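Novice: model this:
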Amino acid sequence: MADPDDKLKKPSRRSKKDPQSEPLAVVGIGVCAASFRSLLALFSGLDDGPGAAFVVAVRQQDGLSVDTVVQALGGHTSQPVKKAEDGVKLQPGIIYVGGGSDMITLTDGHIATRPAEEPVGHRGTVDSMLISLAEHAHDHSIAVILNGLGSDGTAGVTATKQYGGLSIAESLNGDSDAAEQGAASPLGIVDLLLPLEQIPSQIALYIRGLETLGTPDETEISDQMVAVLDQIAATLRTVTGNDFHGYKRNTFLRRVQRRMQVLQSPTIEDYAAVLRKNRDEVHNLFQDLLIGVTQFFRDPKEFEALEKELPALFEGKGPSNQFRVWVLGCATGEEAYSIGILLSEYLQTIENAPTVQIFATDLDARALGSARAGRYSSAIVDHVSPERLARWFVKEGDTYRVVKELREMCIFSPHNLITDAPFSRIDLLSCRNLLIY
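Specialist: Coordinates of the predicted model:
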């Protein structure tokens, strides 16, 4: 569990007094061949579409032609459908579809396109677009994940939540959805998992709510609001067994207000009433409160100190042994993978090395889907050396994905340090992410 209010760089918020305070709402949609029919049905339901621009990123390894998408959409919506072109200003009510060999991102209210550099299947087209959308539109971003994308979109949904936007995924059926939520998939971390026919109305509802709820950070915390927040914390403790009364007040309020935006609750009192009646929403708020902020090789000197201790830690271990690591509070996986990189590099310097198994746990079960996917935004270049980027990551568009051998070294699972039994026979225990807070 990690608190976003620390020294790490956080997304900036717009002020209502700023002339840019009411940006255009932008809906980013990830689509592949398997979800083509869902895309058409989605826009049929949005024919009287809200005042938003729509950007469609087509996953390019499926052989789905962008020309086919543009032509077919034209027959299912009255909104203009255009191929995305570099430098075009985003306009409400227009659907922009990324080119067949292009990466599509957003910058300063305009579309930016460039030829893809990576081979088909390693372009990160959907995640690159959604991350850019979140960074561009903040709480005016809406990420929609249609079926069939697998792990694609996981990093984009994580960014959308971090910047305060809304994320929605198409629900197919209970059994497959439940399996996907436990895997390396965005389904486990989205705000809303809905049948396709309900998604258009939720998009419209959220966009209308942006005009009435305002900017969350501007709310002053009155004595009355403190009392309601205490009521909400009490509800969380009753339902989840976790006590947030000591949580940072401003962070707690921002997470509450984000859920208010998702549900379109006009006042905090209304939202508190929803929590008293709806246990599912209590768990949704609980998961939002657990959103972790972490990074690769955080506090580098500590990793340098660990590196010096590795010879002693591995002494006496050979091919028949296992070196077991437990990373607590792993959030979205960066610390676990950092330790995995450090250990893997050391193993390459010794003979008859043991196998390494990293158990990475967190109270936030939904963040673990992002950790399993192992895909991160290009911001990691600030913390990972070029040599390590080249060895341990695969560049996919504006994202980097951890190589398969490193992903297979790490087992991510939910765990409550207070109530669950600990892992046994551990050679290295990392509590850094946990103890920082």
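Novice: Now tell me which helix or strand of this structure has the poorest mean pLDDT.
Specialist: None of the helices or strands of the chain scores lower by mean pLDDT, DSSP states H and E than helix 174-181, at a mean of 49.
Novice: Which phi and psi values does residue 207 adopt?
Specialist: phi -60, psi -40 (degrees, to the nearest 10).
Novice: correct me, but it touches residue 52?
Specialist: Yes. Using C-beta atoms under 8 Å, residue 207 makes contact with residue 52 at a distance of 5.6 Å. C-beta here means a position set from N, CA and C on the backbone, and glycine is covered the same way.
Novice: and the next element down the chain from the least confident helix or strand of the chain?
Specialist: Once helix 174-181 ends, the next helix or strand along the chain (criterion: DSSP states H and E) is strand 192-194.
Novice: how close does residue 304 sit to residue 398?
Specialist: Separation of residue 304 from residue 398 (C-beta to C-beta, to the nearest Å): 29 Å.
Novice: So for these two, which sits in the more crowded spot?
Specialist: residue 398 (19 against 11; other C-beta atoms under 10 Å).
Novice: Touching, the more buried one and residue 104? I think so.
Specialist: No. If you go by C-beta under 8 Å, residue 398 and residue 104 don't touch, sitting 10.3 Å apart.
Novice: anything in contact with each of these two?
Specialist: residue 128 (C-beta atoms under 8 Å, 6 or more residues apart in numbering).
Novice: check contacts around the residue nearest the centre of the chain.
Specialist: For the chain, residue 158 is the residue whose C-alpha lies nearest the centre (C-alpha atoms, centre = their mean; 0.9 Å). Applying C-beta under 8 Å, 6+ apart, we find residue 158 in contact with 189, 332, 370.
Novice: got a list of what the closest residue to residue 168 other than its chain neighbours touches?
Specialist: Nearest residue to residue 168, sequence neighbours excluded (C-beta to C-beta, 6 or more residues apart in numbering): residue 192, at 4.6 Å. Residue 192 is in contact with 166, 167, 168, 169, 202, 262, counting by C-beta under 8 Å, 6+ apart.
Novice: Now the two most distant members of the residues you listed.
Specialist: Spatially, the most separated pair among those is 169 and 262, at 13.4 Å (C-beta to C-beta).
Novice: Name the residue in the two with the higher neighbour count.
Specialist: residue 169 (28 against 22).
Novice: my guess is the more buried one is in a strand, correct?
Specialist: Yes. Assessed with DSSP: H, G, I helix; E, B strand; the rest coil, residue 169 lies in a strand.
Novice: Report the contact partners of it.
Specialist: 144, 145, 146, 153, 157, 186, 187, 190, 192, 193, 194.
Novice: mind running it again at 10 Å?
Specialist: Going by C-beta atoms under 10 Å, 6 or more residues apart in numbering, residue 169 touches 30, 143-147, 149, 153, 157, 177, 180-181, 185-194, 199.
Novice: Please apply the same query to residue 134.
Specialist: Contacts of residue 134 (C-beta under 10 Å, 6+ apart): 11, 26, 28, 106, 140-143, 155-165, 167, 377.
Novice: quick one: the strands in the stretch 101-250 of the chain?
Specialist: 102-107, 110-115, 141-145, 166-170, 192-194 (DSSP state E, counting those that start in this stretch).
Novice: quick one: which of those strands is nearest residue 41?
Specialist: Once those are compared by C-beta to C-beta, strand 166-170 is nearest, at 9.7 Å.
Novice: Can you dump the C-alpha atoms of the closest one in PDB for me?
Specialist: Provided in PDB are the C-alpha atoms of strand 166-170 (Å, rounded to 0.1, in the frame of the first residue of the first chain):
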ATOM      1  CA  LEU A 166     -12.800   7.400 -15.700                       C
ATOM      2  CA  SER A 167     -12.100   3.900 -16.900                       C
ATOM      3  CA  ILE A 168     -14.700   1.500 -18.200                       C
ATOM      4  CA  ALA A 169     -14.300  -2.100 -19.600                       C
ATOM      5  CA  GLU A 170     -16.700  -4.200 -21.400                       C
END
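Novice: Report the inter-axis angle for it versus strand 141-145.
Specialist: Per axes from the mean of the first three to the mean of the last three C-alpha atoms, to 10 degrees, the angle that strand 166-170 makes with strand 141-145 is 20 degrees.
Novice: What pairs with strand 166-170, parallel or antiparallel?
Specialist: Its sheet considered, strand 166-170 pairs with strand 141-145 (parallel), strand 192-194 (parallel) by DSSP bridges.
Novice: With respect to residue 128, which of those strands lies nearest?
Specialist: Taking C-beta to C-beta, strand 141-145 is the member of the strands paired with strand 166-170 nearest to residue 128, at 12.5 Å.
Novice: Could you give the average pLDDT over the closest one?
Specialist: In this model, strand 141-145 has an average pLDDT of 94.
Novice: what's the offset of that strand from the middle of its chain?
Specialist: Chain-centre distance of strand 141-145: 11 Å, with C-alpha atoms, centre = their mean, to the nearest Å.
Novice: remind me which residues of this protein are low pLDDT?
Specialist: 1-22, 47-50, 60-63, 100, 121, 173-185, 211-220, 291-293, 436-437 (pLDDT under 70).
Novice: Now the residue of it most remote from its centre: phi and psi?
Specialist: What lies farthest from the middle of the chain is residue 316; by C-alpha atoms, centre = their mean that is 40.8 Å. Note on residue 316: backbone dihedrals following degrees, to the nearest 10 are phi 80, psi 0.
Novice: Also the one 10 residues further on?
Specialist: Dihedral angles phi and psi of residue 326 (degrees, to the nearest 10) take the values phi -120, psi 120.
Novice: Could I get the contacting residues of it?
Specialist: Contacts of residue 326 by C-beta under 10 Å, 6+ apart are 336, 357-361, 415, 422-431.
Novice: quick one on the thing from earlier: for the strands of the stretch 101-250 of the chain, which one ends up most surrounded?
Specialist: strand 141-145 (a mean of 28; mean count of other C-beta atoms under 10 Å).
Novice: mind listing what residue 286 touches?
Specialist: Contacts of residue 286 by C-beta under 10 Å, 6+ apart are 236, 239, 240, 241, 242, 244, 255, 363, 364, 366.
Novice: Of these, which belong to helices?
Specialist: 236, 239, 240, 255 (DSSP state H).
Novice: what's the nearest residue to the first one if we skip its chain neighbours?
Specialist: Right, the one you point to is residue 236. That would be residue 244: by C-beta to C-beta, 6+ apart, it lies 5.4 Å from residue 236.
Novice: Tell me where the stretch 251-400 of the chain has helices.
Specialist: Secondary structure of the stretch 251-400 of the chain (DSSP state H, counting those that start in this stretch): helices at 268-277, 279-289, 300-314, 334-347, 367-373, 386-392.
Novice: Which of those helices has the highest mean neighbour count?
Specialist: Among the helices of the stretch 251-400 of the chain, ranked by average contacts under mean count of other C-beta under 10 Å, first place goes to helix 367-373 (a mean of 26).
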